[in-house]
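Colleague: Mind looking at a prediction? Sequence and model below.
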Amino acid sequence: MNSVVGLDIGSRTIAMVEVRGGEIAFQEVRDTTHEPLQQCLELLQGREPELLVATGYGRHLARANFAHEVVTEIKAFALGCHFFFPECRTILDIGGQDTKAISVGPGGGVEDFQMNDRCAAGTGKFLEIMAMALGLRLHEFGELAMRTPSSQKISSMCTVFAESEVTGLIARNVPREEIARGLHEAVCDRSMALLKRVGIRREVVFAGGVAKNPCLRALLEERLGMRVLVPPEPQVVGALGAALSAL
């Protein structure tokens, strides 16, 4: 098969990966916006893959319009992470609106998974809203949290209540870096609970857009007591796995 395209249509971003000869030939990530179908069509412009496989929240929308096949995000992430790290046995994927913990066997097959998809707590959206509450851009949020070992404990992980709590802490003149650190620790604790439910085995791979956050990665490594592997571009793992599922 000369060319296979995988599309991961998520709540925040759409990732596309073209695979030729078993290797990544092209990749791109863009915002989903309010017109995901239009974004997909623009990404695919000028490409004529033999097979197009979609995953993510919008996979059925893609199937109804142009995709040949669809695959679950769980399977796609397992295959994508295995491509980058064949020794991978545990995956943490934190995306825009959900968090997944996946146990992977040899060959990239899914053995077990747990998913938090009923609440935005601990997801990319949660971090985005908390960054805004602190008057920060998202990329500044993790950097600020790493400037101090001290943290302000956050009592609620509900996005609405946590935002109100952060506003109150700012009014009490609590240092922003301590609030940021506390928020990251709360997300890390929630992620660890999910990982423990599937069983933590080496090697652990951190994927999804939130894997770009340096503080969260450092906290996970501290809690796990081991190095955490992050793909070169953690946002394309699902799209890559979708393409690989066709091979």
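Modeller: Now that the structure is in, tell me what you want to look at. Residues are numbered from 1 along each chain as shown.
Colleague: Residue nearest the middle of the protein, spatially speaking?
Modeller: Gly208 (2.1 Å; CA atoms, centre = their mean).
Colleague: Surely it touches Gly95?
Modeller: Yes - contact criterion CB atoms under 8 Å: Gly208 and Gly95 qualify, at 4.5 Å. For every residue, glycine as well, the C-beta is placed using N, CA and C.
Colleague: between these two, what contacts are shared?
Modeller: With contacts taken as CB atoms under 8 Å, 6 or more residues apart in numbering, Gly208 and Gly95 have Gly124 as neighbours in common.
Colleague: returning to what we had before: contacting residues for the residue nearest to the centre of the chain?
Modeller: 92-95, 124, 234-235, 237.
Colleague: which secondary structure elements does the lengthiest helix in the chain contact?
Modeller: Criterion DSSP state H: the longest helix present in the chain is helix 176-198. On a contact count with 3 or more CB pairs under 8 Å, 6 or more residues apart in numbering; DSSP states H and E, helix 176-198 meets strand 90-94, strand 99-104, strand 110-116, helix 124-133, helix 138-145, helix 159-171, helix 214-224.
Colleague: Next, the angle from that helix to strand 99-104.
Modeller: Comparing the axes of helix 176-198 and strand 99-104 via axes from the mean of the first three to the mean of the last three CA atoms, to 10 degrees yields an angle of 40 degrees.
Colleague: circling back to that earlier point, considering the contacts of Gly208, which possesses the most neighbours?
Modeller: Val237 (32 neighbours; other CB atoms under 10 Å).
Colleague: That one touches Asp93, doesn't it?
Modeller: Yes - contact criterion CB under 8 Å: Val237 and Asp93 qualify, at 7.5 Å.
Colleague: Mind listing the shared neighbours of those two?
Modeller: Common neighbours of Val237 and Asp93 (CB under 8 Å, 6+ apart) are 77, 207-208.
Colleague: which regions of the chain sit below the pLDDT cut-off?
Modeller: 1, 117-118 (pLDDT under 70).
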